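> I would like to see how this sequence folds:
(one chain, ligands or ions: 1)
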Amino acid sequence: MDAYRAWADVDLDALTRNLAVIRNAIGDKVEVMLVVKADAYGHGAVAIAHHATRAGVTAFGVGTSTEALELRHGGICAPILVLGTIVDEEVVACLHHDIHIGLHSMNRCRTLQAAARRQGRIARVHLNIDTGMGRLGVLPERAVELLREIQAASHLELAGIMTHISSPKGDSCDGIASQTARFESVLADARAEDLVSGWVHMSNSAGLFSGTSPLYDCVRVGISAYGVVPKDATWGSDLDPVMSLRTRIIFLKDLPAGSTVGYDGTWTAAGKRRIATLPVGYNDGVPWRLSNQGEVLVRGQRAPIVGRVSMDYTTIDVTDIKDVNVDDVATLIGSDGDENLLLRDVAKCAETIPYEIACSIGKRVARVFRTPNTPGTSTCNQKRDSGEGEEDAQDTADESLATSPR
Ligand SMILES: *Cc1c(COP(=O)(O)O)cnc(C)c1O
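Numbering: from 1, shown residues only. Next up is the predicted model:
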C-alpha cells in the first residue's frame with residue numbers, strides 16, 4: 001500500500017454479505033441484476049462483476065455500451081443490460097456482443113430490427129415503460145403497440161419489460177403505488193395479447209428496502225449492494241460499506257496564530273495549530289463542498305478539514321491528535337478505530353447524495369480489492385508505524401519524504 005498516494009479499499013466480503021442480505025429478502029425465485037454503471041459506483045466494475053458472479057448474481061446493469069463492453073472484454077458472460085438507452089453509434093457493438101438494450105420508442109425499435117437483420121443477429125430488448133419517472137420509457141398508453149411491433153419483428157427478442165421508480169414514498173411526486181398501478185395495467189393488457197416474455201422488473205434499492213415495490217422477476221440493485229442504506233429504507237441497517245477512501249499525511253507543519261490556509265484564505269488559525277496536508281483533492285473524490293466543513297479520521301480520531309479543498313490537496317487540523325506523524329493513514333470515507341465516516345454522512349456534509357461521491361472517486365485513486373474474511377487471503381493492513389518519534393514536525397516531514405520507499 002505504501003506506494004499509493006490515495007487508495008480505495010474495496011471490501012469484497014462486504015459485497016458478498018450485502019448480496020446475501022438482498023438474496024435473503026427476495027427469495028430464490030427473484031433474480032439479482034447488479035447495477036455496475038459508473039464503474040460500479042466507483043468501486044471498479046470488472047472486479048466487482050466477477051466477484052458478484054461468484055456470489056450468485058446472474059445479470060448486470062450498466063449505463064452505456066462502453067461500460068457493457070468493458071465487462072464483456074473483462075470476461076463477464078452473463079446478460080448485461082444498458083439500463084437507459086444507447087445512441088445509434090452504439091448499436092453495432094451492442095449487437096455484436098449480445099448486450100441487452102433498454103427500448104422506449106418505435107424509431108429505436110425499427111433501427112434495432114434493421115441493424116440486427118443486417119448483422120444476422122438477434123437484438124435483445126427490455127421495453128422500458130414510463131410510469132412516472134418522466135425520463136426515458138414509453139408512455140403506458142403506447143406500450144402495447146410497441147410490444148406488438150417487437151413481437152412482429154424478425155430480429156428482436158423481448159428479454160424484459162421494465163419501469164423505473166422515481167421515489168418510494170412519492171412525497172412530492174407519484175409514489176411507487178401509483179407507478180405500480182400503471183405498470184400493472186400495461187402488463188395486464190400485454191398478457192391478454194400474449195406479448196409478455198423475459199423478465200419483468202421494477203425495483204431498485206429504494207423500492208426493495210422500503211418494502212414498497214413489487215419484486216417481479218428481478219431486482220436491479222446498486223447502492224445497497226455497495227453498502228449504503230437506501231433512501232426511505234425501513235430495513236437494511238445490516239448493510240456493510242464496501243468502499244473506504246484513504247490516503248496518508250504527506251506533510252505536517254505548525255502554523256502560528258493568524259496564518260491562513262488554502263485558496264482565498266478562508267480559514268485562519270486562531271492559535272498555534274498543527275496542519276496536515278493530504279495528497280487528495282476534489283479530482284480524487286473529496287468534494288470541494290467539504291471545504292471548512294468535512295472531517296477526516298487520523299489515528300482513530302476526527303480531524304476537521306480546514307481551508308478550501310483543492311484539486312490535488314486537502315488540509316486538516318491535527319493539533320489535537322496525539323503522536324500524529326507524516327505517513328499516518330487518513331481516512332476520508334470508512335472507519336478507523338471506533339470512528340466511522342459513512343458515505344451517507346459525508347454526502348450530507350457535502351450537500352449531495354452518496355451516489356455522486358462514490359462515482360466521483362477519481363481515476364488517480366488505486367482500487368485495492370480485499371477479501372479480509374476469506375481464509376487464505378491477506379488481511380487489511382491499514383496502519384503503519386512511521387516510528388519517527390517526537391521530532392519537530394517540519395523536520396519529520398522532510399525526512400520522511402526523503403526516505404519513504406516509493
Ligand atoms: C441506477 C439504476 C438502478 C439502481 O439504482 P440503486 O438506487 O443504486 O439501487 C436501477 N435501475 C435503473 C434503471 C437505474 O438507472
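> and for the closest residue to the ligand within the stretch 201-350 of the chain, the neighbour number?
Of all residues in the stretch 201-350 of the chain, G222 sits closest to the ligand, at 2.5 Å by Cβ to the nearest ligand atom. Quick note: C-beta positions are derived from backbone N, CA and C, even for glycine. Residues within reach of G222, counting by other Cβ atoms under 10 Å, total 22.
> and the residue of the stretch 51-200 of the chain found nearest the ligand, what is it in contact with?
The stretch 51-200 of the chain approaches the ligand most closely through L83 (4.0 Å), counting by Cβ to the nearest ligand atom. Shown in contact with L83 (Cβ atoms under 8 Å, 6 or more residues apart in numbering): V35, K37, G61, V62, G63, G102, R220.
> could you do F183 as well?
Per Cβ under 8 Å, 6+ apart, neighbours of F183: I129, T131, P140, T163, M202.
> now these in CSV, with neighbour count and distance to the ligand?
Formatted as CSV, the contacts of F183 follow (neighbours: other Cβ atoms under 10 Å; distance: Cβ to the nearest ligand atom, whole Å):
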residue, neighbour count, distance to the ligand
I129, 28, 12
T131, 26, 12
P140, 18, 17
T163, 27, 9
M202, 25, 9
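> which pair of these spans the longest distance?
Using Cβ to Cβ, the contacts of F183 span at most 13.3 Å, a distance reached by P140 and M202.
> so what's the backbone phi/psi at the residue of the stretch 51-200 of the chain closest to the ligand?
phi -60, psi -40 (degrees, to the nearest 10).
> now name the helix or strand holding the residue in the stretch 251-400 of the chain positioned nearest to the ligand.
Closest residue of the stretch 251-400 of the chain to the ligand, Cβ to the nearest ligand atom: Y355 (6.8 Å). Using DSSP states H and E, Y355 sits in helix 354-359.
> send me that helix as PDB with only the CA atoms.
The C-alpha coordinates for helix 354-359 follow below in PDB (Å, rounded to 0.1, in the frame of the first residue of the first chain):
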ATOM      1  CA  PRO A 354     -23.900   9.200  -1.700                       C
ATOM      2  CA  TYR A 355     -24.100   8.200  -5.400                       C
ATOM      3  CA  GLU A 356     -22.300  11.400  -6.500                       C
ATOM      4  CA  ILE A 357     -19.500  11.000  -4.000                       C
ATOM      5  CA  ALA A 358     -18.900   7.300  -4.800                       C
ATOM      6  CA  CYS A 359     -18.800   7.800  -8.600                       C
END
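> what packs against it?
helix 37-41, helix 343-349 (3 or more Cβ pairs under 8 Å, 6 or more residues apart in numbering; DSSP states H and E).
> between the contacts of F183, which sits nearest I150?
Closest to I150, out of all of the contacts of F183 and judged by Cβ to Cβ, is I129, at 12.7 Å.
> please name the nearest non-neighbouring residue to the closest one.
T163 (4.7 Å; Cβ to Cβ, 6 or more residues apart in numbering).
> hang on, the earlier thing: what is the neighbour count of the residue of the stretch 251-400 of the chain closest to the ligand?
17.
> residues touching it, list them.
Y355 neighbours (Cβ under 8 Å, 6+ apart): Y41, I223.
> and what of the one 5 residues further on?
Contacts here follow Cβ under 8 Å, 6+ apart; on that basis S360 touches G42, Y282, G285, P287.
> pLDDT, neighbour count and secondary structure added to those residues, as CSV?
Shown next, in CSV, are the contacts of S360 (pLDDT from 0 to 100; neighbours: other Cβ atoms under 10 Å; DSSP: H, G, I helix; E, B strand; the rest coil):
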residue, pLDDT, neighbour count, secondary structure
G42, 97, 25, coil
Y282, 97, 20, helix
G285, 96, 24, coil
P287, 98, 20, coil
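> got CSV for the contacts of F183, with secondary structure and pLDDT too?
Shown next, in CSV, are the contacts of F183 (DSSP: H, G, I helix; E, B strand; the rest coil; pLDDT from 0 to 100):
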residue, secondary structure, pLDDT
I129, strand, 98
T131, coil, 95
P140, helix, 96
T163, strand, 97
M202, coil, 97
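> in a markdown table: those residues, plus distance to D312.
Shown next, in a markdown table, are those (distance: Cβ to Cβ, whole Å):
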| residue | distance to D312 |
| --- | --- |
| I129 | 45 |
| T131 | 45 |
| P140 | 49 |
| T163 | 43 |
| M202 | 43 |
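> just the residues you listed now: which is nearest H50?
Using Cβ to Cβ, the contacts of F183 come closest to H50 at M202, 27.0 Å.
> so that closest one makes contact with T180?
Yes: look at M202 against T180 with Cβ atoms under 8 Å: they come within range, at 7.3 Å.
> got any residues that touch both of these two?
With Cβ under 8 Å, 6+ apart, M202 and T180 have common neighbours S213, P214.
> quick one: distance of the longest helix seen in the chain to the chain centre.
The helix that spans the most residues within the chain, counting by DSSP state H, is helix 176-192. Mean-position distance between helix 176-192 and its chain equals 30 Å (Cα atoms, centre = their mean, to the nearest Å).
> great, nothing more from me.
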